[in-house]
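**Q** Predicted model follows, preceded by the sequence.
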Protein chains: 2
Amino acid sequence: MKIAIAQLNYHIGNFETNMHKILSAIRNAADEGAEMIVFAELAIGGYPSQDFLEFDDFIDKCENAIRQIAANCNDIACIVGTPTRNLLPKGKPLFNTAAFCYKNEVQYFKKALLPNYDVFDEYRYFEPSKSFETLTFKGKKIALTICEDIWDVGNNRLYTINPMEELIKEKPDLMINIAASPFYYDQAKKRFEILRANVLQYKLPLIYVNQVGAQTELLFDGGSMAFNANGCVAESLPFFKEEVRIVDTDKLFGYCAQDHQQIPEKIVLIHDGLVMGIRDYFSKMGFSKAIVGLSGGIDSAVTLALAAEALGPDNLYGLLMPSQFSSDHSITDALELAANLGVSTSTIAIKELFDQFALQLNPLFHDKAFDVAEENIQARIRGVLLMAVSNKFGYILLNTSNKSEAAVGYGTLYGDMNGGLSVLGDVYKTEVFELANFINRNKVLIPINTITKPPSAELRPNQKDSDSLPDYEILDQILYQYIELRKGPDELVSAGFEENIVKKVLRLVNMNEYKRKQTPPILRISPKAFGMGRRMPIVAKYLS
Amino acid sequence: MKIAIAQLNYHIGNFETNMHKILSAIRNAADEGAEMIVFAELAIGGYPSQDFLEFDDFIDKCENAIRQIAANCNDIACIVGTPTRNLLPKGKPLFNTAAFCYKNEVQYFKKALLPNYDVFDEYRYFEPSKSFETLTFKGKKIALTICEDIWDVGNNRLYTINPMEELIKEKPDLMINIAASPFYYDQAKKRFEILRANVLQYKLPLIYVNQVGAQTELLFDGGSMAFNANGCVAESLPFFKEEVRIVDTDKLFGYCAQDHQQIPEKIVLIHDGLVMGIRDYFSKMGFSKAIVGLSGGIDSAVTLALAAEALGPDNLYGLLMPSQFSSDHSITDALELAANLGVSTSTIAIKELFDQFALQLNPLFHDKAFDVAEENIQARIRGVLLMAVSNKFGYILLNTSNKSEAAVGYGTLYGDMNGGLSVLGDVYKTEVFELANFINRNKVLIPINTITKPPSAELRPNQKDSDSLPDYEILDQILYQYIELRKGPDELVSAGFEENIVKKVLRLVNMNEYKRKQTPPILRISPKAFGMGRRMPIVAKYLS
């Protein structure tokens, strides 16, 4: 059977654009002789639609879309993910389903394993399916599952039922899994292992169709695949790109190429994911131009370089805002970066604005010593200037904070924490350096001095990050163990980290939850990003 | 049996303080002759502990606490809510349990109905119980349930099992329900009806123990109760206050007082909830002093008045920051308010700062017309000044935005949207007026002119809110229908609202999701507040 794998980029709630894309893909696939086309999980309405799913109007629009698709599937069958109403008297109001549309008829196959951890909230909306049946099409029995449904292989302890164990009883000929599987840098590898484990366990070919594209903080990397029943990868679609590819399930053995998927290296995945994340945020919000505050430091340099790839240098604007504490190289490094990338800049020194604030506040502050208040005033003046240019000319401000800073609260709310989107908020400082070197792989775009000089916020004389924080090599390891792996203080000390440093770092992370509450959405590239997948109380006293 | 109802205010993750409170209550209740003391759901560790529950270290500390409680329960039994590990090989790693501690032994009773909607995320952490048994103590059989477990009476469609239907088979003598039931203005009424429906259905007395106190945005109102088997309220604990009260279950018929609970009026509940919310945020974060920007308008006036009740006027500071567009009454009204409340103020005119920004930005802006960029510069200068005073003296900035503004994006990010806590972000503008009148019920605290003048942001000459927004009476109704009731555009037009106004309002709500992403936590008083209970995609195109 010739099946078209449709790896597309949907836009949440944008029924018009999504339907145009889906109907074109159906038409083209039919014209090219495909007998079936398969779209991703929750392609209708987009994923994650979150609480839009609670609106009858939204579900009505999803139902209309399915009717329209069914009316367009006479010479080709279509499988597409959509929310559908639960018509039973008890249980959550919706199911997460795969709609099988053919000759104006629709059959629904419901998801049973609903992820409800990290960034997933599926129990919020959906009732899990408790019945299982295969789909029959042109004499073939297909075990049609949705994403998590096939993740209960190996040592996954989360679920007490296993849909494939039920479906296999009907002796299917083929497995199809539709997914909306959010990216992080290890996800492709893990996903490949899970998919292959299913193939080897059930000895069936598998068609896997994932979404691609960014939905605010969540990135979807695509990487759809077709396996033959031996676990060999017959087709492998690209990462971070739309593509519709037709595979012939009768020939999967013939053109089977390899027993693994070509997965790009971690730093390439992160780089490509962030570029797609910026591009999609702008295109889906209807924006084209971005502004970045350039300090001469590595975070703003990497942010600008990624944005230049995503949006083009002509759509970027760099603003330099030196203070009396800025080193000379902060200007020269920033200008060199902008010149290398071809980005326009302006410079506004903040001294006079700072002096004016000091003057106006003097009746309250009198002669109190320079402290964090004055440090923050400088960062906030810059925030006001960036937002003023943003508002006047329609540039969207990109936030340049990295994950290490965001973790320990090393940043000024309403100052350098401003922005419409945080590009590096899930990238540890040590990884920012890796990204910088990767960006420079063919040609120096980021000035070498930006990479080699000691990191500094330059908010008081001769300030260095290392004055108040442990070295980033140590800090990032502790943060990774605490944030990604959820290790507690005793475990960290047992692992060899100094007790007083562990205590200090964990305290900083926990007491700065209030700052992270107010940050821009952060592009997620790790298994545990600040944002929707990490939910922490603000008013708490634990390790703080 | 003499049972102590312990309606206490816990602090998330603060094991030391919580344990001191719990052990003291046990001691006192035993001394007063109680045979059992009952604490709320998830009292150990606090609720909601959110992703702290994913840390082994956190669960270890909960287990230690239970061991310590059990060791202190020799002459009195104790029921207390705590997370416990799921030792089965499959399923989520924790159960939400009621621990029954007596003579160094512990028995666990697990929650079956796990709310996973609005502000609730219980499927994220907990496996639902599928087995049910009563607790036997001193010859009495007790049907012990946890919060949502008894909410499947009447027409609740969410759940497919009903714990009380299972437990009643064992013919219990008494029901005990422990809860952490977050407040909104209609919740007490709804809760009372649910509790009473259980009593009438199962013809058993019921002891209901709720938490009290605020955990960032979530408020817990207490209102614990004891019903006799006829549905009569024998004991009713106060709203928004800690109390431990001993009831004798053998005498519930004797001193039964009424068939309803005395529930304060809606405006009183909102007022008392917000005052508790401010007070607990400060005490739990370790703060005492607050600053408010005073515009002479009603939002900042109501915020200051509520803060004065919560923290005392001596702990407050008002900052007036008039611009060239501020009316004379903006100063006089603000000063009159501060004088009425006994709050100190200072005034910093922002004209010179604004002029300095205009001067510095002139090389970029040239002679472009005054627009939203300049409006926002004014709001952001005020934001910088408030945060400077906050940083210098340790005052926490209270945000003064109301729900109507937050809904339609009528506010400046990094300007008047700043703050550690949003007091009125779940209070519609029309309700802010009600609150103002309630605050003035005995004595004019909020100047009459503040209440009667037309609302204005005063960011350009002669600006009024009504220039760009529908009248608040109309706006708030549309917002309520859309946000609280999830009505779609067609339903709103059918309900009689003008189509172009509906379209404009819904568009404003949806396109301003990005602003609400970056706002301070909002004290929740409605059934659908902006914050953890309303999860909306930013990159979306739906009704926008």
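**A** On my side now, so go ahead. Residues are numbered from 1 along each chain as shown, chains lettered A, B, ... in the order given.

**Q** contacting residues for residue A:384?
**A** B:357, B:377, B:380-381, B:384, B:414 (C-beta atoms under 8 Å, 6 or more residues apart in numbering or on different chains). Bear in mind the C-beta positions are built from the backbone N, C-alpha and C, glycine included.

**Q** What of residue A:335?
**A** A:320, A:345.

**Q** can I assume it sits in a helix?
**A** Yes: Residue A:335 forms part of a helix when assessed by DSSP: H, G, I helix; E, B strand; the rest coil.

**Q** Check the gap between it and chain B for me.
**A** 16 Å (C-beta to the nearest C-beta, to the nearest Å).

**Q** And that residue, how close does it get to residue B:168?
**A** Remark: distance between residue A:335 and residue B:168 (C-beta to C-beta, to the nearest Å) = 77 Å.

**Q** Then residue A:501?
**A** 56 Å.

**Q** ok, now residue A:487?
**A** 45 Å.

**Q** Who has more neighbours out of these two?
**A** Of the pair residue A:487 and residue B:168, residue A:487 is the one with more neighbours under other C-beta atoms under 10 Å in any protein chain shown, namely 22 against 18.

**Q** neighbours of the closest residue to that one other than its chain neighbours, just the number please.
**A** Excluding the flanking residues, the one nearest residue A:487 by C-beta to C-beta, 6 or more residues apart in numbering or on different chains is residue A:481, at 4.4 Å. Close neighbours of residue A:481, defined as other C-beta under 10 Å, add up to 18.

**Q** Could you do residue A:51 as well?
**A** Residue A:51 has 20 nearby residues by other C-beta under 10 Å.

**Q** now do residue A:437
**A** Neighbours of residue A:437 using other C-beta under 10 Å come to 12.

**Q** on that earlier part again, so which of the contacts of residue A:384 are in helices?
**A** B:357, B:377, B:380-381, B:384 (DSSP state H).

**Q** Those residues into TSV, with extra columns for pLDDT?
**A** Shown next, in TSV, are the ones in helices among the contacts of residue A:384 (pLDDT from 0 to 100):
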residue	pLDDT
B:357	98
B:377	98
B:380	98
B:381	98
B:384	98
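
**Q** And the helix or strand harbouring residue A:274, what's buried?
**A** According to DSSP states H and E, residue A:274 maps onto helix A:266-285. Of all the residues in helix A:266-285, those buried under the rule 16 or more other C-beta atoms under 10 Å in any protein chain shown are A:267, A:269-285.

**Q** Chain B next: which of the residues you listed are close?
**A** A:280-281, A:284-285 (C-beta under 8 Å from any C-beta of the partner chain).

**Q** tell me which of those is nearest to chain B?
**A** residue A:284 (4.3 Å; C-beta to the nearest C-beta).

**Q** Need the per-residue pLDDT for that closest one.
**A** With respect to pLDDT, residue A:284 scores 97.

**Q** Tell me the residues on the stretch 401-544 of chain A that lie near chain B, please.
**A** A:413-414, A:418, A:420, A:486, A:488-491, A:514, A:517-521, A:532, A:534-544.

**Q** what ranges do the helices span in the stretch 201-350 of chain A?
**A** Counting by DSSP state H, counting those that start in this stretch, the stretch 201-350 of chain A has helices at residues A:266-285, A:298-311, A:328-341.
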